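Trainee: sequence unknown, structure follows:
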């Protein structure tokens with residue numbers, strides 16, 4: 001008969017895993033504890049009497065379990081013993097778990113208010129002035145001299161006496177001059 005040796009001791013967990021698990025546990029305890037303290041403090045600050053219409057962002061008093069001063073982590077005396085901290089965190093975890101299960105009821109969604117369509121703007125009672133008709137001829141220059149050279153080819157001008165002149169050429173003169181229109 002052969003006897004098999006008993007299995008050796010299990011490998012101890014690596015120090016990296018221990019540190020990782022410790023940090024994860026610490027983060028979990030801190031967040032759960034702070035959340036519970038915040039909920040308890042918020043529940044104790046608001047009076048539960050005369051709360052007839054709870055709003056959407058406010059928890060109903062019926063959903064929050066009543067707390068006693070002895071079970072509240074905020075009112076427990078601070079002691080240097082680590083066992084007290086462990087007890088308060090487990091209480092906080094239980095309270096958080098209980099609140100999660102009681103607050104899973106569907107939330108009431110507020111129906112959007114129906115607004116009337118915007119009223120059309122009334123037509124103005126005064127009429128706008130009609131725009132001036134566009135000129136068919138360009139504006140005339142003022143102060144032109146008959147027979148003087150001009151640069152505004154085929155343009156119009158007026159003398160100081162008001163006579164209408166045009167800048168043109170003739171068959172015998174190829175230069176542009178002010179001539180009678």
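Mentor: Perfect, thanks for sending it. Keep in mind that what you see is a predicted model, and the values were worked out from it rather than measured.
Trainee: mind listing what residue 116 touches?
Mentor: Shown in contact with residue 116 (C-beta atoms under 8 Å, 6 or more residues apart in numbering): no residues. (C-beta placed from N, C-alpha, C; glycine too.)
Trainee: secondary structure element for it?
Mentor: Using DSSP states H and E, residue 116 is not contained in any helix or strand.
Trainee: and the pLDDT at residue 174?
Mentor: pLDDT recorded at residue 174 is 92.
Trainee: spell out the secondary structure type for it.
Mentor: Assigned with DSSP: H, G, I helix; E, B strand; the rest coil, residue 174 falls in the coil class.
Trainee: number of nearby residues for it?
Mentor: Residues near residue 174, counting by other C-beta atoms under 10 Å, number 7.
Trainee: against residue 148, how distant is it?
Mentor: Computed as C-beta to C-beta, to the nearest Å, the residue 174 to residue 148 distance reads 16 Å.
Trainee: can you list the neighbours in contact with stretch 158-177?
Mentor: Residues from elsewhere that reach stretch 158-177, judged by C-beta under 8 Å, 6+ apart: 140-157, 178-181.
Trainee: so which of those belong to strands?
Mentor: Counted as lying in strands by DSSP state E, out of the contacts of stretch 158-177, are 141, 142, 156, 157, 178, 179, 180.
Trainee: drop anything exposed from the residues you listed.
Mentor: 156, 157, 178 (16 or more other C-beta atoms under 10 Å).
Trainee: who touches the first one in this structure?
Mentor: Contact partners of residue 156, counting by C-beta under 8 Å, 6+ apart, are 137, 138, 139, 140, 141, 164, 165, 166, 167, 181.
Trainee: which of the residues you listed ranks first by neighbour count?
Mentor: Going by other C-beta under 10 Å, residue 165 tops the contacts of residue 156 with 23 neighbours.
Trainee: so where does that residue fall, helix or strand?
Mentor: Element membership for residue 165, per DSSP H and E: strand 164-168.
Trainee: can you pull up the bridge partners for residue 178?
Mentor: For residue 178, the residues forming beta bridges with it (DSSP bridges) are residue 167.
Trainee: tell me where the protein is predicted with low confidence.
Mentor: By pLDDT under 70, the weakly predicted segments of the chain are 1-2, 5, 8-13, 37, 39-108, 110, 112, 137-138.
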